[in-house]
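J.: dropping the sequence and predicted coords here.
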Amino acid sequence: MRARDLAGEFPTVGLDTPAVEAARLLAEQDLPGLIVVDEQGRPFTILPGTQVLRLAVPRYCQDDPALARVVDEAHADVFLRTLGERTVRECLPEQPRELAIAESRATVLEMAALMARTRSPVVAVVEDGRLIGAVTLQALLDHTLAQQAG
């Protein structure tokens, strides 16, 4: 089975999409991450949901988890508001990583290796440089486990 066979439709966001919209999309569609596209609609990177959280969670709570316990519940429940007007571009890691992008003819093992190497739960699938869909970790595992059982 090839990437094109497992690829499904997947939402994308642009670099200038508000981070709070990206968080809403992650939550509403129960996604592990989002594909970020450039101005031409080509995959730029994968934005794991944890990167959005990194921007929203106060640095002092990330550095010292004990401090997160002292924030009262009312304020702790609304920490995503701190995203304010920030964009997806601001959620991206400072150090560029290998892109989790596979050609449509990639095998399941190639995609699994790419996910493992990039620590990405989503692989953007491209054909002739154009995004045709994505393969999630869940879809890859479902397929692999079904093959093992059958």
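T.: Structure's in. What do you need? What you are looking at is a predicted structure, and each value in this text was computed from that prediction instead of being measured.
J.: where does the protein have low pLDDT?
T.: For the chain, the stretches with pLDDT under 70 are 55, 74-79, 150.
J.: what about the helices in it?
T.: 3-6, 19-28, 49-56, 59-63, 65-70, 73-76, 88-91, 108-118, 137-149 (DSSP state H).
J.: quick one: closest of those helices to residue 41.
T.: Residue 41 lies closest to helix 88-91 among those, at 14.7 Å (Cβ to Cβ). The way it works is simple: take the backbone N, C-alpha and C, and place the C-beta from them, glycine included.
J.: got the buried residues for that closest one?
T.: Of all the residues in helix 88-91, those buried under the rule 16 or more other Cβ atoms under 10 Å are 88, 91.
J.: could you list every helix and strand that that helix packs against?
T.: Taking 3 or more Cβ pairs under 8 Å, 6 or more residues apart in numbering; DSSP states H and E as contact, the helices and strands that helix 88-91 lies on are helix 19-28, helix 49-56.
J.: contacts for it, please.
T.: Contacts with helix 88-91, where a contact means Cβ atoms under 8 Å, 6 or more residues apart in numbering, come from 13-19, 22, 34, 36, 47, 51-52, 54-55.
J.: buried subset of those residues, written for ChimeraX?
T.: To isolate the buried ones among the contacts of helix 88-91 in ChimeraX, judged by 16+ other Cβ under 10 Å, type:
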select :13,15,17,18,19,22,34,36,47,51,52,55
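J.: follow-up on the earlier one: got CSV for the helices of the chain, with distance to residue 98 too?
T.: Shown next, in CSV, are the helices of the chain (distance: least, Cβ to Cβ, whole Å):
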stretch, distance to residue 98
helix 3-6, 16
helix 19-28, 21
helix 49-56, 15
helix 59-63, 24
helix 65-70, 29
helix 73-76, 34
helix 88-91, 18
helix 108-118, 5
helix 137-149, 16
